[in-house]
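Chemist: Next comes the sequence, and after it the predicted model I'd like to discuss.
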Amino acid sequence: MSLGELTEAEHAAADRALRSSAGPELARAMFAVALGRPVEDELSLRRAIALRWLDENGQPTALGNQVKDPLREFVFWEERGRRLPSEELSPVLARPRFAGKDVLEVGSGGGCNLLSLSGIPHRLVGVEPMPLYRQMSPMLAAMAGLPEPEVVEGWGRELPFDEASFDTVLCYSAHQYMRVDRALTEMARVLRPSGRLIVVGNTFFPFAGETVVRFARDRSLGTLKYDLTAIANTLAYQLRGRRALLPTDAKNTTSTPIYPTRGHLYRAARHAGLVPAIHDQRTLPTGETLFVATRR
Ligand SMILES: C[S@@+](CC[C@H](N)C(=O)[O-])C[C@H]1O[C@@H](n2cnc3c(N)ncnc32)[C@H](O)[C@@H]1O
């Protein structure tokens, strides 16, 4: 599979633009594009066109469609005061809890959660399979004025670390892209005894409910097809151990999610040698599931 990646020239141009004083405004312009809003800052619009992120009509090019996602996450991160998502909703997610720990984030994307935790843990590292995100993570750190986070190439199915390397493993909005049973086994392997796994993301029943609400609201057949594919894949995965429908976009790691039921997460975690921490489980107001477990 050939995953999305900036060429050397695209990488150098993005790096120059985002590290310049105009970087944050450019990021905001691509944030607007990602949300389907007009770009109001004329200078940023022209910069994005010069970078070939946008065409002459202000529409994202194939390259623009790639870079806009990490930039959208970056602006959301700035807007939530640089905190971890849902940090205020559970003590488990409070940043001081990570102090002095060795922390791994699996599926770290552009690295915004790593930036939230910057300077707090003893060791902090992200694993990310998508080259584009690994390329952009240092640029986002530079825009934030923070040190570049350590991000290594890897997949949930085979984490590139020795067993018992971490006190905490975080997995934020990413477990749905993995074969979750295998990934939980790997996360358990790299955790030290009594180490903690924290998964935040959507699960089957809230997702199925949102599918109905989304369709009633937007009447978008494209979205409905994506959601129903996720539902079919989840059912197939839970019954047969593999997706029914394969990825449609080989350049993207997030095109074919599976939203396991909470029960499936519990069983898979127990099988992996983890003990679900009953008192920390929660459905967050965002509709996402917070799933916490401890390594035996
Ligand atoms: C929605 S993003 C979330 C990024 C980050 N955790 C955050 O909260 O901002 C999901 C990330 O999971 C990564 N991912 C997808 N499949 C993966 C896998 N099998 N193993 C590890 N990471 C994966 C994607 O490349 C993407 O960066």
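Modeler: Done, it's in. Numbering: from 1, shown residues only.
Chemist: count of neighbours near the residue lying closest to Glu5 once chain neighbours are set aside?
Modeler: Nearest in space to Glu5, with sequence neighbours left out and distances taken as Cβ to Cβ, 6 or more residues apart in numbering, is Pro131 at 3.8 Å. To be clear about C-beta, it is placed using only N, CA and C from the backbone, and glycine gets the same treatment. Neighbour count for Pro131, taken as other Cβ atoms under 10 Å: 15.
Chemist: mind listing what Pro131 touches?
Modeler: With contacts defined as Cβ atoms under 8 Å, 6 or more residues apart in numbering, Pro131 is in contact with Leu3, Gly4, Glu5, Leu6, Glu153.
Chemist: how far away is the residue nearest to Ile49 when sequence neighbours are not counted from the ligand?
Modeler: For Ile49, ignoring the flanking residues on the chain, the nearest one in space by Cβ to Cβ, 6+ apart is Glu56 at 6.5 Å. Remark: distance between Glu56 and the ligand (Cβ to the nearest ligand atom, to the nearest Å) = 30 Å.
Chemist: just checking, Glu56 touches Ala50?
Modeler: No - with contact taken as Cβ atoms under 8 Å, Glu56 and Ala50 are classed as non-touching, separated by 11.1 Å.
Chemist: Neighbour count: these two, which is higher?
Modeler: Just comparing Glu56 and Ala50: by other Cβ under 10 Å the higher neighbour count belongs to Ala50, 11 against 6.
Chemist: Now do Gly201 against the ligand, distance only.
Modeler: Counting by Cβ to the nearest ligand atom, the gap from Gly201 to the ligand is 9 Å.
Chemist: Surely that residue touches Tyr172?
Modeler: Yes - with contacts defined as Cβ under 8 Å, Gly201 counts as touching Tyr172 at a distance of 6.9 Å.
Chemist: Poorly predicted segments of the protein, please.
Modeler: Judged against pLDDT under 70, the low-scoring parts of the chain cover residues 1.
Chemist: quick check, nearest of the contacts of Pro131 to Thr223?
Modeler: Sorting these by how near they are to Thr223, with Cβ to Cβ, puts Gly4 at the top with 21.6 Å.
Chemist: Name the next helix or strand following whichever strand or helix holds Gly263 along the chain.
Modeler: Counting by DSSP states H and E, the element that carries Gly263 is helix 262-271. Elements were assigned by DSSP H and E; along the chain past helix 262-271, the next helix or strand is strand 274-276.
Chemist: in that following strand, what counts as buried?
Modeler: Along strand 274-276, these residues count as buried under the neighbour rule (16 or more other Cβ atoms under 10 Å): Leu274, Pro276.
Chemist: Stretch 92-105 now?
Modeler: With burial defined by 16+ other Cβ under 10 Å, the residues of stretch 92-105 counted as buried are Val92, Leu93, Arg97, Phe98, Lys101, Asp102, Val103, Leu104, Glu105.
Chemist: Contacts only, for the nearest residue in space to the fifth one that is not next to it in sequence.
Modeler: Spatial nearest neighbour of Lys101, chain neighbours left out: Asp167 (4.1 Å); criterion: Cβ to Cβ, 6+ apart. For Asp167, the contacting residues are Lys101, Asp102, Val103, Leu191, Arg192, Gly195, Arg196, taking Cβ under 8 Å, 6+ apart as the criterion.
Chemist: got it, and Pro193?
Modeler: The neighbourhood of Pro193, defined by Cβ under 8 Å, 6+ apart, consists of Ala164, Arg295, Arg296.
Chemist: Which of the three states applies to it?
Modeler: Using DSSP: H, G, I helix; E, B strand; the rest coil, the three-state assignment for Pro193 comes out as strand.
Chemist: How is this protein partitioned into domains?
Modeler: Residue ranges for the domains of the chain, per automatic domain parsing: 8-79, 87-203+260-295.
Chemist: you'd agree Gly81 is in a strand?
Modeler: No - membership of Gly81 in a strand is not supported by three-state DSSP, which gives coil.
Chemist: and it, how far is that from the ligand?
Modeler: The gap separating Gly81 from the ligand is 15 Å, by Cβ to the nearest ligand atom.
Chemist: Report how many residues lie close to that residue.
Modeler: By other Cβ under 10 Å, neighbour count at Gly81 equals 9.
Chemist: so how far is Ala268 from it?
Modeler: In this structure, Gly81 lies at 34 Å from Ala268, with Cβ to Cβ, to the nearest Å as the measure.
Chemist: go on, Arg262?
Modeler: The spacing between Arg262 and Ala268, counted by Cβ to Cβ, is 11 Å.
Chemist: Tell me which of these two has more neighbours.
Modeler: Ala268 (22 against 16).
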